[in-house]
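Undergrad: Got a predicted model here, sequence first, then my questions.
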Amino acid sequence: MDGADRDPSTRQRRSGEAGPDGPNEPHASGGSHGPNGSEGPGGSQGSGRSDSSDGAGGSGGADGRTKVTVIVALGANLVIAVAKAVGGLISGSPALLSEAAHSVADSLNEVFLLAALRRSRRPADRRHPFGYGKERFFWSLLAAVGIFVMGGCFSFFQGFEALRNGAEESFGGYMTGIAVLVVALLAEGASLLRALFQVRGKGGDGLRDPALRTVVAEDGTAVLGVSLAIIGMVLHMVTGQVVWEACASFAIGLLLVCIAFWLGSDAREQLIGRAVDEEQSGRIRELLKAQPEIDSVEALLTMELGLDSTLVAARIDLVPGLDSEEVEEVAVRIKRSVAHTFPGTDQIFLDVTDARAARAAAGRDAVGSPAATGERGGA
């Protein structure tokens, strides 16, 4: 950044970079200067924390609805898991036992999701200045692992056991198992409808919530898995061939493994640090370019910090002729404009640079490099 500021004495004031003390430095966390010039911890005033506070409250309400959806799914899965386990032990059906393992895995995962909803809402602190939003993704990853191990692997095991040892069922056992599965289908369907209703209420952003997305995936998989188990048991009863129930167990296991891989991959991307989608990134860039004081946007970086928290870091070149006070006012106004237009952007950093000077310095370095002069590098 050598030569980046036109007035070296105002370098720290003009730059949006955080100082050594972290997010309480000027502009470090989305502009910590409030309307009255006061500073708030972590930039709680100024750049948009205050502008997005309503959005945060709305997120809390959405979290409450998601919590109800998860609790409904948990209650349904606990009752269904007990019923499937009892029915599976009575009938000896491998498909029914596979579904019991599926429901146990789903119940444990709902506990993980409840933990994610509670822990991800904790406020930012000195050790975690960007908050705990990524907790949501961590617990969703654990839920995916639970689906894979407890659901998928056990279903494959039941399928192999059925092929190896066979499975004899009485007519009463068939009827008990099918009755349990029909009740389970109705309960899982009701839970899925509740989750889909909430997704629809959120519009296109419903499946961005990893907790809600996991519930929809689990309930949708449960409905399909129960249907496969019913088909397997009916075909076993009609043909007398246990291979049909074994195939149903394999199909349930494969379904669970695929869902676990999908959920785990998505959680992995968000834990590593995923940028916002290209459409929103382009809109942020266009908003910055539209500011009359910005000559060019040299770089724009974004990262999702949580469900309703996004980091935006931009390197901008301002038009010539602005003094330090004007630069200060422009930076605060631009941050507020970004935060107001995109309510989730509660961490905004602006790095003011002189693009022409930086390119000239880079050109001089390139000319003087060993590759440009033909000199051999090294001591």
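TA: In hand now; what should we look at?

Undergrad: Show me what counts as buried in the one helix or strand residue 163 maps to.
TA: Assigned by DSSP states H and E, residue 163 belongs to helix 154-165. Across helix 154-165, burial judged by 16 or more other C-beta atoms under 10 Å covers 154, 155, 156, 157, 158, 159, 162, 163. Yep, even glycine has a C-beta here, placed from its N, CA and C like the rest.

Undergrad: Report the distance from whichever strand in the chain runs longest to the chain centre.
TA: Among the segments of the chain that qualify as a strand by DSSP state E, the longest is strand 294-306. A distance of 20 Å separates the centroid of the chain from that of strand 294-306, by C-alpha atoms, centre = their mean, to the nearest Å.

Undergrad: in its sheet, what does that strand sit against?
TA: Applying DSSP bridges to the sheet, strand 294-306 is found paired with strand 309-318 (antiparallel).

Undergrad: What's the first helix or strand after the partner strand?
TA: The first helix or strand that comes after strand 309-318 along the chain, using DSSP H and E, is helix 324-341.

Undergrad: right, and the helix or strand after that following helix?
TA: strand 347-352.

Undergrad: strands paired with that next one, and their directions?
TA: strand 309-318 (parallel).

Undergrad: Would you mind getting the angle between the partner strand and helix 324-341?
TA: If you take axes from the mean of the first three to the mean of the last three C-alpha atoms, to 10 degrees, strand 309-318 sits at 140 degrees to helix 324-341.

Undergrad: distance between strand 309-318 and the chain's centre?
TA: Using C-alpha atoms, centre = their mean, the offset of strand 309-318 from its chain centre is 21 Å.

Undergrad: Contacts for that strand next, please.
TA: 16, 130-131, 133, 276, 284, 288, 293-305, 327, 330, 338, 342, 344-356 (C-beta atoms under 8 Å, 6 or more residues apart in numbering).

Undergrad: And the closest residue in space to residue 270 that isn't next to it in sequence, how far from residue 268?
TA: Once flanking residues are discounted, residue 270 sits nearest to residue 137: 4.2 Å by C-beta to C-beta, 6 or more residues apart in numbering. For residue 137, the distance to residue 268 equals 8 Å [C-beta to C-beta, to the nearest Å].

Undergrad: who has more neighbours, those two?
TA: For residue 137 and residue 268, the more surrounded residue by other C-beta atoms under 10 Å is residue 137, and the numbers stand at 23 against 14.

Undergrad: so residue 312 bridges to which residues?
TA: Residues in a beta bridge with residue 312, per DSSP bridges, are residue 302, residue 348.

Undergrad: Report how many residues lie close to it.
TA: Other residues within reach of residue 312, judged by other C-beta under 10 Å, total 26.

Undergrad: before we move on, back to that, tell me the buried residues in the longest strand of the chain?
TA: In strand 294-306, counting by 16+ other C-beta under 10 Å, buried: 294, 295, 297, 300, 302, 303, 304, 305, 306.

Undergrad: which helices and strands does the helix or strand harbouring residue 255 pack with?
TA: Taking DSSP H and E as the criterion, residue 255 maps to helix 243-272. Packing partners of helix 243-272 (3 or more C-beta pairs under 8 Å, 6 or more residues apart in numbering; DSSP states H and E): helix 94-119, helix 135-146, helix 154-165, helix 210-239.

Undergrad: Tell me which of those helices lies nearest to residue 190.
TA: Across those, residue 190 has its closest neighbour in helix 210-239 (9.1 Å, C-beta to C-beta).
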